[in-house]
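[1] Fold the following, please.
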Amino acid sequence: MERLLEGVARFKRDVFPTRKHLFKTLADSQNPEALFITCADSRIVPELITQTQPGDLFICRNAGNIVPPYGDVQGGVSATIEYAVCVLNVKHVIVCGHSDCGAMKALVKPEKLEGLPNVKRWLSHGELAHRVVTENYKDLSEEGMLQALTQENVIAQLDHLRTFPYIASRLASNRVQLHGWVYSIAHGDVICWDPNRGRFIPIEEYNTSITAPRRRTMAAD
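    The predicted structure is shown next:
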């Protein structure tokens with residue numbers, strides 16, 4: 001705890017003065033570009049990974065970067081998504097999983113959840129991904145299974161996001177884009193879901209046109 005207190009003192013003394021203008025502009029309003037949904041894991045630092053500044057990201061963190069389908073859970077995640085999309089009008093929603101995820105390990109080995117009823121209930125929203133992996137990737141090693149589950153879980157949470165009416169509406173009119181990422185802690189790499197190719201690709205090959213929805217038009221009579 002002493003290290004944290006010293007850090008706050010150092011921020012106030014050395015860091016804040018150098019960014020005083022930035023914080024002054026943020027004091028009364030915010031206009032983030034993206035909602036970043038990621039795991040609560042202490043090793044994941046969204047601003048560090050994306051090299052963004054205060055005010056750039058609206059961040060939602062929870063065990064397993066889970067997004068319960070619309071209406072299933074009235075709680076902090078759904079409220080955060082609603083506020084980010086409907087009030088802040090973010091243009092991008094990113095679901096970011098990561099390597100060595102404890103939540104994904106628990107889905108692979110559910111016995112780890114004994115005595116953790118709240119965690120077990122929460123991770124039930126990862127069952128879609130778990131079923132996809134167990135029924136389609138039967139020959140993988142344990143490490144390969146974890147990697148596949150981490151990726152499939154990101155795709156599943158993107159599917160859950162599409163059940164939110166205000167997101168579905170904005171997708172139809174090209175006012176929001178959904179992105180799925182997986183971050184490697186050991187290597188610093190980020191891979192991104194490419195729905196057109198049906199696989200994850202290096203972020204160096206990724207651009208927003210990949211996931212930009214085609215604006216819908218009504219057929220002529």
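
[2] Okay, and the nearest residue in space to residue 180 that is not next to it in sequence sits in which element?
    Using C-beta to C-beta, 6 or more residues apart in numbering and skipping the chain neighbours, the partner closest in space to residue 180 is residue 193 (3.5 Å). Bear in mind the C-beta positions are built from the backbone N, C-alpha and C, glycine included. Per DSSP states H and E: residue 193 is located in strand 190-194.

[3] Would you confirm that residue 170 contacts residue 85?
    Yes - using C-beta atoms under 8 Å, residue 170 makes contact with residue 85 at a distance of 6.8 Å.

[4] Find the residues that touch each one of the two.
    residue 176 (C-beta atoms under 8 Å, 6 or more residues apart in numbering).

[5] how close does the residue nearest to residue 180 get to residue 205?
    Plainly put, residue 193 is 12 Å away from residue 205 if you go by C-beta to C-beta, to the nearest Å.

[6] Next: residue 76.
    To residue 205, residue 76 is 34 Å away according to C-beta to C-beta.

[7] What of residue 42?
    With C-beta to C-beta as the criterion, residue 42 and residue 205 are 30 Å apart.

[8] and those two? which has more neighbours close in?
    Of the pair residue 42 and residue 205, residue 205 is the one with more neighbours under other C-beta atoms under 10 Å, namely 11 against 6.

[9] State the pLDDT value of the more buried one.
    pLDDT for residue 205: 93.

[10] For it, give me its contacts.
    By C-beta under 8 Å, 6+ apart, residue 205 lies in contact with nothing.

[11] Tell me where the protein has strands.
    Using DSSP state E, the strands of the chain run over 34-39, 57-62, 92-98, 177-183, 190-194, 199-202.

[12] right, and those strands - which one's nearest residue 17?
    strand 57-62 (23.2 Å; C-beta to C-beta).

[13] Partner strands of the closest one and their direction?
    Strand 57-62 has its sheet partners listed here by DSSP bridges as strand 34-39 (parallel).

[14] In the strand it pairs with, which residues are buried?
    Within strand 34-39, the residues that qualify as buried are 34-39, counting by 16 or more other C-beta atoms under 10 Å.

[15] cool, stretch 67-74 as well?
    67-70.

[16] ok, of those residues, which one's closest to residue 142?
    residue 67 (26.0 Å).

[17] which residues does the closest one contact?
    By C-beta under 8 Å, 6+ apart, the residues touching residue 67 are 37, 77, 81, 95, 125, 157, 160-161.

[18] Now do it against residue 144, distance only.
    25 Å.

[19] swap in residue 82?
    Look at residue 82 and residue 144: by C-beta to C-beta, they are 36 Å apart.

[20] Nothing else from me, thank you.
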